[in-house]
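Colleague: Here is my input; please provide its structure:
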Amino acid sequence: MRYDVAAVRALFPALEGGTAHFDGPGGSQTPTPVAEAVARTMTSSIANRGSVTAAEQLAERTVVEARAAMADLLGTDPATVVFGRSMTANTMDLARTLARCHGWGPGDEVVVTSLDHDGNVRPWVIAAEAVGATVRWAELDPATGELPLEAVQEVLSERTRLVAVTAASNLIGTRPDLPAIVDAVHHVGALVHVDAVHLAAHDLLDRDVLGADLLACSPYKFLGPHLGVTCGRADLLEGLRPDKLLPSSDAVPERFELGTLPYELLAGTTAAVEVLAGLAREGEGASAHQDPDGSTRRERLIASFAALHEHEEALRTHAEDGLRSIDGVRLHSRAAHRTPTLLFTLDGVEPSAVHRHLAAVGVNAPASHFYAWEASHRLGLGASGGVRVGIAPYTTAEEVDRLLTGVAEVVARR
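Modeller: Presented below is the predicted three-dimensional model:
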């Protein structure tokens, strides 16, 4: 089905100002159905979850619907979907809980990678160091931008307890061979925690097929509100006992959710998944779990992400070719398999100066290490990082042209 980017853009009030947003990897713009779902929930008669009053029932329904929506998006069981303040907060709590409940200690090993966002590095480093476990590093190849399977395999051993790895780099877009990495990790009897924050905005995930023991994402990267989501194997979650308040539920997933859930954000998350499921229908978000034609939301998501992939890949190629043609531009996104996210630097110009000039001409393409601290340093970019260009569902070819013109202007002024 044809991808109608104009119809998609009509869902986003922020785009009416004319700014070209290439800052999606840091957080996408918000479509009207999501904002309306948040506002509607906040202004409804609502209470804590229950089954007696209409207000209680609305809260309960909001939670159930959000778990079902995220399960459809991530290919997992709704009963394993955990909501929290952010992916980082969820992972910090999870790392401490795993270390304690699985008895990590001296002699045990935890593997992290230099490709990852620090949100999937530091929680595991802190948890390992707290109990005397060893941290081992699987290294990004700076020449290719790849995280080779061999780089993970060579740091695995019978003492490996967990490997934390990204599904896609938020800095340079690299998509490691995740199925092969998961197989290798499981072969030594260890767990895999996958950071899917960046990839979830560009590809439809299936945690069960992938075999990830734990998987994390953030709805605000894919049109939703600021929130963190973690899901995992049901048996693994059942065996974990996180710190919690005594009267709070001991059921999974509630035992991992501290305090009252933000019902309005859960409603917005459900609405975001519905918008994504409607992208293949020229931007008209569906309003029910099942369409009149009988298709399920998961089936609609499959069709939508296929259309989105074609749209984003065409624009990525356009942006890459254009940047390569500009004198002095160095592209650091080089992996064979990657998301439509580009990182570049300009010889003789600080990334922050490029960022400022682009902003002045109505193009938002920020400059930073974007918390991919280890990757930025391994690429030789240090704390300055580079200028990041993220293609989103609402990006157009004309906006890519504006970006290229802006970069060319910086070169002309050097």
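Colleague: How is this structure divided into domains?
Modeller: Segmentation of the chain into domains, based on automatic domain parsing, reads 5-29+298-412, 39-272.
Colleague: and the last one, average pLDDT?
Modeller: This points to domain 39-272. On average, the pLDDT along domain 39-272 is 98.
Colleague: Check the offset of it from the chain's centre.
Modeller: How far domain 39-272 lies from its chain's middle: 10 Å, per Cα atoms, centre = their mean, to the nearest Å.
Colleague: gap between the two ends of it?
Modeller: By Cα to Cα, to the nearest Å, the extent of domain 39-272 from end to end equals 14 Å.
Colleague: Please, where are all the strands along this protein?
Modeller: In the chain, the strands defined using DSSP state E lie at 20-21, 81-84, 109-113, 134-138, 160-166, 191-195, 214-217, 228-232, 329-331, 341-346, 363-364, 367-368, 386-390.
Colleague: what's the closest of the ones you listed to Ala151?
Modeller: Ala151 sits nearest to strand 134-138 of all the strands of the chain, at 4.6 Å, using Cβ to Cβ. For every residue, glycine as well, the C-beta is placed using N, CA and C.
Colleague: Could you dump the domains of the chain into a markdown table and include distance to Ala280?
Modeller: Output for these, formatted as a markdown table (distance: least, Cβ to Cβ, whole Å):
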| stretch | distance to Ala280 |
| --- | --- |
| domain 5-29+298-412 | 4 |
| domain 39-272 | 12 |
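Colleague: Mean neighbour count added to these, as CSV?
Modeller: Below are those laid out as CSV (neighbours: other Cβ atoms under 10 Å):
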stretch, mean neighbour count
domain 5-29+298-412, 19
domain 39-272, 20
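Colleague: Select, out of these, the one closest to Leu279.
Modeller: Comparing these by Cβ to Cβ, domain 5-29+298-412 comes nearest, at 3.9 Å.
Colleague: what's the span of that closest one, first residue to last?
Modeller: 32 Å.
Colleague: for that domain, the distance to its chain's centre please.
Modeller: Centroid separation for domain 5-29+298-412 versus its chain: 16 Å, with Cα atoms, centre = their mean.
Colleague: Nearest residue to Pro279 in space, ignoring adjacent ones along the chain?
Modeller: Heads up, residue 279 is Leu, not Pro. The shortest distance from Leu279 to any non-neighbouring residue, by Cβ to Cβ, 6 or more residues apart in numbering, is to Ser304 (3.9 Å).
Colleague: tell me the contacts of that neighbour?
Modeller: Ser304 makes contact with 276-281 under the criterion Cβ atoms under 8 Å, 6 or more residues apart in numbering.
Colleague: From Asp208, how far out is Thr80?
Modeller: Counting by Cβ to Cβ, to the nearest Å, the gap from Thr80 to Asp208 is 10 Å.
Colleague: just Asp347 next, same as before
Modeller: With distances taken as Cβ to Cβ, Asp347 is found 46 Å from Asp208.
Colleague: Touching, Gln29 and Ala14? I think so.
Modeller: Yes: here Gln29 reaches Ala14: they are 4.5 Å apart, a contact under Cβ atoms under 8 Å.
Colleague: Overlap in contacts, those two.
Modeller: Common neighbours of Gln29 and Ala14 (Cβ under 8 Å, 6+ apart) are His21.
Colleague: Which residue comes closest to Leu15 once chain neighbours are left out?
Modeller: What sits nearest to Leu15 in space, not counting adjacent residues and going by Cβ to Cβ, 6+ apart, is Arg9, at 5.4 Å.
Colleague: May I have the predicted confidence score for the one you found?
Modeller: You'll see Arg9 listed with a pLDDT of 98.
Colleague: Surely it and Tyr394 touch.
Modeller: Yes: under the criterion of Cβ under 8 Å, Arg9 makes contact with Tyr394 at 4.8 Å.
Colleague: any common contacting residues for these two?
Modeller: Residues touching both Arg9 and Tyr394 by Cβ under 8 Å, 6+ apart: Leu15.
Colleague: who's in contact with the nearest residue to Gly239 once chain neighbours are set aside?
Modeller: Of all residues beyond its chain neighbours, the one nearest Gly239 is Cys101 (6.8 Å), with distances taken as Cβ to Cβ, 6+ apart. Neighbouring residues of Cys101 by Cβ under 8 Å, 6+ apart: 239-241.
Colleague: List just the nearest of these to Val197.
Modeller: For the contacts of Cys101, the residue nearest Val197 by Cβ to Cβ is Leu240; the value is 21.2 Å.
Colleague: Got the phi and psi for that closest one?
Modeller: Leu240 adopts backbone torsions of phi -100, psi 140, taken as degrees, to the nearest 10.
Colleague: What of the one 3 residues further on?
Modeller: Dihedral angles phi and psi of Asp243 (degrees, to the nearest 10) take the values phi -60, psi 140.
Colleague: And it, how close does it get to Ala303?
Modeller: Noted for Asp243: a distance of 42 Å to Ala303, by Cβ to Cβ.
Colleague: do Ala251 as well
Modeller: From Ala251 across to Ala303, the span is 34 Å (Cβ to Cβ).
Colleague: before we move on, what about Arg334?
Modeller: Plainly put, Arg334 is 31 Å away from Ala303 if you go by Cβ to Cβ.
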